[in-house]
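Participant: kindly generate the corresponding structure for this input.
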Amino acid sequence: MKILYILTKSGIGGAQKYVKDLADNLDKNKFDSRVLYGDREVRWLSNKTYPWFLFFNDWMAIFELVNVFKKENPDIIHLNSSKAGVLGSLAAAIYNKNFNKKIRVVFTAHGWVFNPTNEISKFVRQFYVLLHKFAAKFQDKIICVSEYDYNLALEYDICPEEKLSTIHNGINADMKFLSKKESRQDLMIKIFNDGSVNSPQVSKLEEKYQWVGSVGRLVKEKNYETFIGAAKFVKNTYFFIIGDGLELSNLKSLILKLKLSDRFFIISPSGNDAQYLKAFDVFAMSSIKEGLPYILLEAMAAELPIVVTEAGGIPEMIKNHENGLMVSQKNPEALARAIGGLIENKEIAKELSRKAKEIVKDKFSLEKMVSETERIYSL
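Facilitator: Got it, this is the predicted structure:
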């Protein structure tokens, strides 16, 4: 069975990791897979919106995808991200009708863009709802990475319930991490090369204060303003974000405004930043919109004490006071109290982190994710 995965962009991200893990781990005796990326293999496909000429670029992407389907002749196309989900579904409908074919369409929602906590206007949210309702008519199966997204699809009447399935993201819980010493040394080199601090300060960071870190794209839905705001209330502690994105300059300005530049550092991503997780004494996420974040699964596998905000599928991963701490969104003081509590209470932090590792092994394994997705393909 030939599977064609389609993404709007290559690079670093949860959807990209998800597709790579599936393509690499499918049963090779049953499935043959290929991955196509927008702006690369599918030149016109992009996650950017160009409204001029009645969305000329999007229509070109649709017809380009039709030609791709004609050339590849897949049994299933598996679409990832909102833009690929909509355009790929329409291209499949055109292809099936004009060439008398029946390729099946699977779409994975990596956190619905119309999530009510996402910072978009009511008009834009309703527009995305209508787009996904339209696309769902041409999709045979929709995979939600969390029960939260499954229920959101029902609430917004995206499709009949029988089209929906929940398959949690999964990882190899025994993945390899750099040691605390190695990861801190590497991050120090990165900070020094970025010009964030001078050499004497680098040597001090290795021994002074606790480290609190986060990893992710610098975009509005990650709400790193709250994380930076929390740093103001947690004294004698270093804070780090490993990531890049559109909000970089705004976040750097906020760090300067709050006079945190001597203990808050933003580090450019490497493409394999999970390996540095053990550098941190506490891992934190301040998101307002999530699907089921891989980096949180990886932090659980690294046995880190974890503080998160209640967003998307996160409550399906972290149970408050059982395997981590959870606070409300956009509340820097609450986030700071939780971080400070874990720093001060080492035994509690250790027990929460041990339980987090157990849960990721039991509930969020890569093998489970792959096998349940294979079952969807074989229906």
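
Participant: may I have stretch 288-295 exported as CSV, CA atoms only?
Facilitator: Included here for stretch 288-295 are C-alpha records, laid out as CSV according to Å, rounded to 0.1, in the frame of the first residue of the first chain:
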residue,chain,number,x,y,z
ILE,A,288,-2.3,29.0,24.9
LYS,A,289,-2.8,26.6,22.0
GLU,A,290,-1.4,23.0,21.6
GLY,A,291,-2.2,19.7,20.0
LEU,A,292,-0.1,17.1,21.9
PRO,A,293,3.4,18.5,22.0
TYR,A,294,6.3,16.3,21.3
ILE,A,295,8.7,18.3,23.3
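
Participant: what are the contacting residues of it?
Facilitator: 14, 17-18, 109-111, 115, 117-119, 145-146, 149, 168-169, 171, 215-216, 220-223, 273-274, 285, 287, 309, 311-314, 316-317, 329-330 (CB atoms under 8 Å, 6 or more residues apart in numbering). To be clear about C-beta, it is placed using only N, CA and C from the backbone, and glycine gets the same treatment.

Participant: pretty sure Asp27 is touching Arg375, no?
Facilitator: No. Using CB atoms under 8 Å, Asp27 is not in contact with Arg375; the gap is 11.3 Å.

Participant: run a quick neighbour tally on Lys222.
Facilitator: Other residues near Lys222 number 26, with proximity taken as other CB atoms under 10 Å.

Participant: which of the contacts of stretch 288-295 count as buried?
Facilitator: Using 16 or more other CB atoms under 10 Å as the burial test, these include 14, 17-18, 109-111, 115, 117-118, 145-146, 149, 168-169, 171, 215-216, 220-223, 273-274, 285, 287, 309, 311-314, 316-317, 329 as buried.

Participant: which residues of the stretch 251-379 of the chain fall in helices?
Facilitator: For the stretch 251-379 of the chain, the helices defined by DSSP state H, counting those that start in this stretch cover 294-301, 332-344, 346-363, 366-378.

Participant: in strands, which of the buried ones among the contacts of stretch 288-295 appear?
Facilitator: If you go by DSSP state E, the buried ones among the contacts of stretch 288-295 have Ala109, Val215, Thr309 in strands.

Participant: how much space separates the second one from Asn57?
Facilitator: Translated: Val215. Note on Val215: its distance to Asn57, by CB to CB, to the nearest Å, is 32 Å.

Participant: what do you get for the last one?
Facilitator: When distances are taken as CB to CB, Thr309 and Asn57 turn out to be 35 Å apart.

Participant: quick one: low-confidence parts of the stretch 251-379 of the chain?
Facilitator: For the stretch 251-379 of the chain, applying pLDDT under 70 flags no range at all.

Participant: hmm, what's the outermost residue in the protein?
Facilitator: Distance from the C-alpha centroid of the chain peaks at Asn100, with 36.7 Å (CA atoms, centre = their mean).

Participant: so which strand or helix has that one?
Facilitator: Following DSSP states H and E, there is no helix or strand that holds Asn100.

Participant: how about it, what does it touch?
Facilitator: If a contact means CB under 8 Å, 6+ apart, then Asn100 has no contacts.

Participant: phi first, then psi, for it.
Facilitator: Per-residue torsions, Asn100: phi 50, psi 50 (degrees, to the nearest 10).

Participant: which strands or helices does the single longest helix found in the chain pack on?
Facilitator: When the chain is parsed with DSSP state H, its longest helix is helix 52-72. Helix 52-72 makes packing contacts with strand 2-7, helix 82-98 when contacts are defined by 3 or more CB pairs under 8 Å, 6 or more residues apart in numbering; DSSP states H and E.

Participant: check which element follows that helix along the chain.
Facilitator: That would be, after helix 52-72 and using DSSP H and E, strand 76-80.

Participant: and that next one, how far out from the chain middle?
Facilitator: From the chain centre to the centre of strand 76-80 is a distance of 18 Å (CA atoms, centre = their mean, to the nearest Å).

Participant: go through the ones in strands among the buried ones among the contacts of stretch 288-295 and name the one nearest Lys208.
Facilitator: Comparing those against Lys208 with CB to CB places Val215 closest, at 22.2 Å.

Participant: I appreciate the help and will end here.
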